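**Student:** Quick one: sequence plus predicted model below, questions after.
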Amino acid sequence: MADQSKTRVLFVEDDDVIREATQLALERDGFDVTAMPDGLSGLEAFRAERPDIALLDVMVPGLDGVSLCRRIRDESTVPVIMLSARADSIDVVLGLEAGADDYVTKPFDGAVLVARIRAVLRRFGHAGGPNGGTAGGEEPVQAGSGVLSFGDLEIDTEGMEVTKGGEPVALTPTEMRLLLEFSHAPGTVLSRDKLLERVWDYGWGGDTRVVDVHVQRLRTKIGQDRIETVRGFGYKLKG
C-alpha cells in the first residue's frame, strides 16, 4: 500500500536500467514511486494510484508518452513532466501541446530531475518531498481576492475559476498561473524569461518553448486575440 504521507510519483519508462535507477534515486529523496514499462500499464496505474505527479518518457511501447499524456489530461489536471531523449525533438513540443507542464531532457542528472519535480509540485501546492504529498495535485496556488474582468473574460481569483461569455473555461493549474500573471499586469509586456521565473519557478535559464506552447494553449481557451505577442520582447494581456 502506498504511503499517503509521501508524494506519489508515476514513472513510465521502458528502459529497465533507467527505470530502476531513477526509481531508486527518487525513493531515496522521499518519493513514493510507481514505475511502469509501457504506456498502457502506465495508464492503468494512473487510474488506480491517482499519483501527485506523472513522469512520462516520450518513447514507450503500447501507448506512447504523448498519447498517454493526452489520456491523463482528459481525466485530470495532475502535473505531468515529459522525458525526452533530445532537447530539439519535435516530441518536446508535442508533449507540451498534449498538456504536459514541463519536460526534462535525457540523459538527466538525478538531482536536476528532483529539482524540476519539486518546482512543479510547488506550483501545484505540494511540498514535493517526504510528508509533502496531498492527494490529487489539482489545486493551483491561491492568488489575491476579487474578480478581474477583461471584456467577456472573468477571472475569479479566490475561487480559481475562469469564465468567457458566462461559460466556464477549464484550465490546468499551470495555465491558470500563467493567466494570473498576465491579468495582474494587463497591458504590460512580460518576457518569456520572466514568465519562466514566475510561473515555472525557474531560478535558471529554461527553454522558452514551454512558455510559447502554454501561451498558445491558453489562447485557444480564452481567445486568440486576448494575449498579444510583442515581437522580440514577450507577451501581454490586452486590457
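**Tutor:** Cool, got the structure. In this text, all values refer to a predicted model and were calculated from it rather than measured experimentally. Numbers count the residues shown, from 1 in each chain.

**Student:** Contact partners for Leu148?
**Tutor:** Contact analysis of Leu148 by Cβ atoms under 8 Å, 6 or more residues apart in numbering lists 154-155, 157, 183. In this view, the C-beta of every residue, glycine as well, is placed from N, C-alpha and C.

**Student:** Can you read off the pLDDT for it?
**Tutor:** pLDDT recorded at Leu148 is 89.

**Student:** before we move on, the earlier item: can you pick the most crowded of the contacts of Leu148?
**Tutor:** Taking other Cβ atoms under 10 Å as the neighbour criterion, Ile155 ranks highest of the contacts of Leu148 with 24 neighbours.

**Student:** before we move on, back to that, in CSV, list the contacts of Leu148 along with distance to Pro37 and secondary structure.
**Tutor:** CSV is the format used below for the contacts of Leu148 (distance: Cβ to Cβ, whole Å; DSSP: H, G, I helix; E, B strand; the rest coil):
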residue, distance to Pro37, secondary structure
Glu154, 45, strand
Ile155, 42, strand
Thr157, 42, coil
Ser183, 42, helix
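
**Student:** and Gln75, how many neighbours?
**Tutor:** Gln isn't right for residue 75; it's Glu. Per other Cβ under 10 Å, the neighbour tally for Glu75 reads 11.

**Student:** now swap in the one 3 residues further on and tell me
**Tutor:** Val78 has 22 neighbouring residues, counting by other Cβ under 10 Å.

**Student:** Distance of Arg50 relative to Leu196?
**Tutor:** Arg50 is 29 Å from Leu196, where distance means Cβ to Cβ, to the nearest Å.

**Student:** and if you look at Cys69?
**Tutor:** Taken as Cβ to Cβ, the span from Cys69 to Leu196 is 21 Å.

**Student:** Repeat that for Val120.
**Tutor:** Taking Cβ to Cβ, one finds Val120 at 13 Å from Leu196.

**Student:** higher neighbour count, the two?
**Tutor:** When neighbours are counted by other Cβ under 10 Å, Val120 and Leu196 differ, and Val120 comes out ahead with 23 against 19.

**Student:** surely the more buried one meets Asp101?
**Tutor:** Yes: assessed by Cβ atoms under 8 Å, Val120 is found in contact with Asp101 at 5.8 Å.
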